[in-house]
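Trainee: structure for the following, please:
(chains A and B)
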Amino acid sequence: MTSVPMIRQTAGLGAARAAARRRGVHGGMDRRPGWVTYLLLTVVVLASFYPIYYAFLLASSDAPTIAQNPVPSLVPGPHLFDNLGRVISSDIRFWESVLNSLIVAVLTSVSVVFFSTLAGFSFAKLRFRGRRKLLVFIIATMAVPSQLGVVPLFIVMRELGWTGKLVAVIVPAMVTAFGVFWMTQYLDAALPFELIEAARVDGCSMIRTFWNVAMPAARPAAAMLALFTFVASWTNFFWPFIVLGSGNPTLPVALQLLQASYFKDYSLIMAGVVIATLPLVLLFVVAGRQLVSGIMQGAVKG
Amino acid sequence: MATVTPPRQGTPAADGPRTPAPPRTQPSRLRTTLGRLDVRLSPYLYIAPFFVVFALVGLFPLVYTAFVSMHDWHLLGGQGEFVGLDNYVDVIQQPTFLVALRNTFSIFLLSSVPQVLAAIVVAAVLDANLRAKTFWRMGVLLPYVVMPVAAALIFSRLFADGAGMINTLLGGIGIEPIRWHADTLASHVAIATMVNFRWTGYNTLIFLAAMQAVPRDLYEAAVIDGANRFRQFFSVTVPMLRPTIIFVVITSTIGGLQIFDEPRMYDQYGRGGADKQWMTITLFLYDLGWGPQKSFGRAAAVAWILFLIIVLIGLVNFAITRRIASAGDIARTKKTGGVR
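Mentor: Numbers count the residues shown, from 1 in each chain, chains lettered A, B, ... in the order given. You can find the predicted model right below:
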């Protein structure tokens, strides 16, 4: 078998290109795949899409129809807005929970991005004693199963008088090991020392250097980090469920209340599911591309 | 910027400017001191928030959990007397504990093993010169934005015991209805399905990224050696993915053994089923602390036991994957040696 580079040398560039086209440059890896591949992928994508659509179908249906058709018709029914209205007027503090979820998700995202970038700037670009060890320590804390600290955390929150308040959910999530690690890696590669040097020579203090030089340079990674934090916060259930309870719920907690009080009413529950899921699905349509590349650049489970 | 000096390792600020800056007005003494303090302290100040938060929500709770677990401690009554290891003994002797342990492992295995396998396969399918690449990748990732609580509500309906959709479809091909809630193993499969639904796509993308980092000349070499697509997959792709597999397995272990949302929402009572068929450890922990018993002491004991289990599994995981890894290395060197 003659290799493509060899053809290029012996028979010229055009022949090499032709050979590459015929063979696929890298052992067939760059050839367009056949229909089997697309079929497989279609099945996978349908499997990830259908359960969401199923919730939507039930949410647009009513109790008798659901009881009659275990496999719902693929055409949505006419009752979506009735059911959404019933969720809103049910006694789960619906609007409050949406607002709470939004407040928590926005504040944690902003806070995680700010503090992680700050720490990342320090780890990637500043020199100080113990830098390496501290960074390794932070990475190691990612392996600490944090859910297991709920009992004392709850005790602490009660001492502080924070149970039932959003601050109890926000403060523990203000900065994450993953965020620090992520921003350190990014700034290490993306922020040239010369820029910092220039800012320092111009008389910037450290914090000004951070704000005027590091922050702008960190923007792409910061946006991804914000997205991941937002999703993690929006979907978080365990801790808000424990510390907020039914008095001041976030959306997932409200969904749990909905299930507890109306468990036979599937169209109502699924309407709740649709409302809770829709914002992130819309976000996904807009920013899913960033999530994909974020994960592929080495994001890990939050 | 017309700096010609080559970039140095640290910032010049941290080392102190070695070459004197271009002549300018002499800064005041106070400013110099402040500037030096700024340089010295800022790095620590900037990383401090993490350590404060970690101390509050990571380290302190872990240590304090041990303290609480050795006391009688009521949710409302607070700290009682020191009881040593009584809470641990008490918890371990409860039949529910062993059931919860079994369920947790069963659900964990049913979710992690098929999930990793499926993710690798889907990643291999995605690792081609596809049209509309981004579309497929996004399609696979979509379930990631569905909150576990919502996924649990959807799937508990799909897996309804009577005339649920899954049972109806199974009936269509002549399979008796499965009691997805009443039967232990069936309920584990249903709960594992929710986890797999949400995370398979995510892990697929991690594997895909790893696959794309495999040097293409390895495949070229394999092709020259006459390896077909399957042989390439098993002899080149999978071995090169090893670090990623270890990473995914470890993260899913940490997450999987703490599973709470899905079993909590699998029925409206949230107590792991009538016969505790899908009671998991974290659910048990919650039930001890915030359920009828309201015993923080016992809940804390469960937390520590689970922590030790996770650490242990982590070590075992690590040892196994390393052994597999080195065994793979030996097998491969032997094989290539044989060919030559």
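Trainee: now residue B:296, nearest residue through space, not along the chain?
Mentor: Of all residues beyond its chain neighbours, the one nearest residue B:296 is residue B:73 (4.0 Å), with distances taken as Cβ to Cβ, 6 or more residues apart in numbering or on different chains. C-beta coordinates here come from the backbone N, C-alpha and C atoms, glycine included.
Trainee: can you tell me the helix or strand for the one you found?
Mentor: With secondary structure defined by DSSP states H and E, residue B:73 is part of strand B:71-74.
Trainee: go on, residue B:80?
Mentor: Following DSSP H and E, one finds residue B:80 within strand B:78-82.
Trainee: what's near enough to touch residue 69?
Mentor: Using chain A here. With contact set as Cβ atoms under 8 Å, 6 or more residues apart in numbering or on different chains, residue A:69 has no partners.
Trainee: actually chain B
Mentor: Contact criterion Cβ under 8 Å, 6+ apart gives B:87, B:88, B:297, B:298, B:300, B:301, B:303, B:304 as the residues in contact with residue B:69.
Trainee: between those residues, which has the most around it?
Mentor: Across those, neighbour numbers were computed from other Cβ atoms under 10 Å in any protein chain shown; residue B:300 holds the maximum, 32 neighbours.
Trainee: tell me which helix or strand that residue sits in.
Mentor: Residue B:300 belongs to helix B:296-339 when assigned by DSSP H and E.
Trainee: specify the beta-bridge partners of the residue nearest to residue B:296.
Mentor: Counting by DSSP bridges, residue B:73 forms beta bridges with residue B:79.
Trainee: that's a strand at residue B:180, yeah?
Mentor: No: judged by DSSP: H, G, I helix; E, B strand; the rest coil, residue B:180 forms no part of a strand; its state is coil.
Trainee: so after the helix or strand that contains residue B:206, what's the next helix or strand?
Mentor: According to DSSP H and E, residue B:206 maps onto helix B:184-212. Proceeding N to C from helix B:184-212, the next assigned helix or strand is helix B:216-224, under DSSP H and E.
Trainee: now that following helix: buried residues?
Mentor: The neighbour-count check on helix B:216-224 (16 or more other Cβ atoms under 10 Å in any protein chain shown) flags B:218, B:219, B:220, B:222, B:223 as buried.
Trainee: who touches the residue nearest to the first one when sequence neighbours are not counted in this structure?
Mentor: Okay, so that is residue B:218. Nearest in space to residue B:218, with sequence neighbours left out and distances taken as Cβ to Cβ, 6+ apart, is residue B:236 at 5.1 Å. Remark: with contacts taken as Cβ under 8 Å, 6+ apart, residue B:236 is in contact with B:214, B:218, B:219, B:222, B:227.
Trainee: what separation is there between residue B:236 and residue B:210?
Mentor: When distances are taken as Cβ to Cβ, to the nearest Å, residue B:236 and residue B:210 turn out to be 12 Å apart.
Trainee: next: residue B:305.
Mentor: Residue B:305 sits at a distance of 34 Å from residue B:210 (criterion: Cβ to Cβ).
Trainee: between the two, which is the more surrounded one?
Mentor: Neighbour comparison, residue B:305 and residue B:210: the larger count goes to residue B:210, with 23 against 19 (by other Cβ under 10 Å).
Trainee: now do the more buried one, the pLDDT please.
Mentor: Per-residue confidence for residue B:210 comes out at a pLDDT of 90.
Trainee: again, but for the one 3 residues further on
Mentor: Here the pLDDT value assigned to residue B:213 is 87.
Trainee: residue A:111 - how many residues pack around it?
Mentor: A count of neighbours around residue A:111, defined by other Cβ under 10 Å, yields 20.
Trainee: pretty sure it is in a helix, no?
Mentor: Yes: note on residue A:111: a helix contains this position according to three-state DSSP.
Trainee: how about the contacts made by it?
Mentor: Residues counted as contacts of residue A:111 (Cβ under 8 Å, 6+ apart) are A:170, A:173, A:174, A:175.
Trainee: how many residues are close by the third one?
Mentor: The number of residues packed near residue A:174 is 21, by other Cβ under 10 Å.
Trainee: in contact with it: list those residues for me.
Mentor: Residues in contact with residue A:174, defined by Cβ under 8 Å, 6+ apart, are A:108, A:111, A:112, A:115, B:49, B:53.
Trainee: tell me the two of those that are most distant?
Mentor: By the measure Cβ to Cβ, the contacts of residue A:174 have their two most distant members at A:108 and B:49, which lie 13.1 Å apart.
Trainee: tell me which of these two has more neighbours.
Mentor: Regarding residue A:108 and residue B:49, a neighbour count based on other Cβ under 10 Å identifies residue A:108 as having more, with 25 against 18.
Trainee: quick one: the more buried one and residue A:170 touch, right?
Mentor: Yes: here residue A:108 reaches residue A:170: they are 5.8 Å apart, a contact under Cβ atoms under 8 Å.
Trainee: okay, the contacts of residue B:69 in JSON lines with pLDDT and distance to chain A next?
Mentor: As requested, the contacts of residue B:69 are exported to JSON lines (pLDDT from 0 to 100; distance: Cβ to the nearest Cβ, whole Å):
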{"residue": "B:87", "pLDDT": "87", "distance to chain A": "11"}
{"residue": "B:88", "pLDDT": "90", "distance to chain A": "14"}
{"residue": "B:297", "pLDDT": "89", "distance to chain A": "9"}
{"residue": "B:298", "pLDDT": "89", "distance to chain A": "10"}
{"residue": "B:300", "pLDDT": "89", "distance to chain A": "5"}
{"residue": "B:301", "pLDDT": "91", "distance to chain A": "10"}
{"residue": "B:303", "pLDDT": "89", "distance to chain A": "4"}
{"residue": "B:304", "pLDDT": "88", "distance to chain A": "8"}
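Trainee: which bits of the stretch 201-302 of chain A sit near chain B?
Mentor: Taking Cβ under 8 Å from any Cβ of the partner chain as the criterion, the neighbours of chain B within the stretch 201-302 of chain A are A:201, A:205-207, A:210, A:231, A:234-235, A:237-238, A:241-242, A:251-252, A:255-256, A:259-260, A:263, A:266, A:269-270, A:272-273, A:276-277, A:280-281, A:283-284, A:288-289, A:291-292, A:295-298, A:300-301.
Trainee: recalculate using a threshold of 6 Å.
Mentor: Remark: the part of the stretch 201-302 of chain A in contact with chain B comprises A:205-206, A:231, A:235, A:237-238, A:252, A:255, A:259-260, A:263, A:266, A:269, A:273, A:276-277, A:280, A:284, A:288-289, A:292, A:295-296, A:301, using Cβ under 6 Å from any Cβ of the partner chain.
Trainee: host element of the residue of chain B found nearest chain A?
Mentor: The shortest separation between chain B and chain A is 2.7 Å, found at residue B:61 (distances taken as Cβ to the nearest Cβ). Counting by DSSP H and E, the secondary-structure element that holds residue B:61 is helix B:60-69.
Trainee: now do the buried residues in that helix.
Mentor: Using 16+ other Cβ under 10 Å as the burial criterion, the residues of helix B:60-69 that qualify are B:61, B:62, B:64, B:65, B:68, B:69.
Trainee: quick check, the fifth one in contact with residue B:300.
Mentor: Yes: counting by Cβ atoms under 6 Å, residue B:68 sits close enough to residue B:300 to count as a contact (4.0 Å).
Trainee: columns distance to residue B:103 on top of the contacts of residue B:69, output as JSON lines?
Mentor: Formatted as JSON lines, the entries for the contacts of residue B:69 read as follows, by distance: Cβ to Cβ, whole Å:
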{"residue": "B:87", "distance to residue B:103": "21"}
{"residue": "B:88", "distance to residue B:103": "20"}
{"residue": "B:297", "distance to residue B:103": "23"}
{"residue": "B:298", "distance to residue B:103": "18"}
{"residue": "B:300", "distance to residue B:103": "21"}
{"residue": "B:301", "distance to residue B:103": "19"}
{"residue": "B:303", "distance to residue B:103": "17"}
{"residue": "B:304", "distance to residue B:103": "19"}
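Trainee: closest one of the residues you listed to residue A:196?
Mentor: Residue A:196 has its nearest neighbour among these in residue B:303, at 43.8 Å by Cβ to Cβ.
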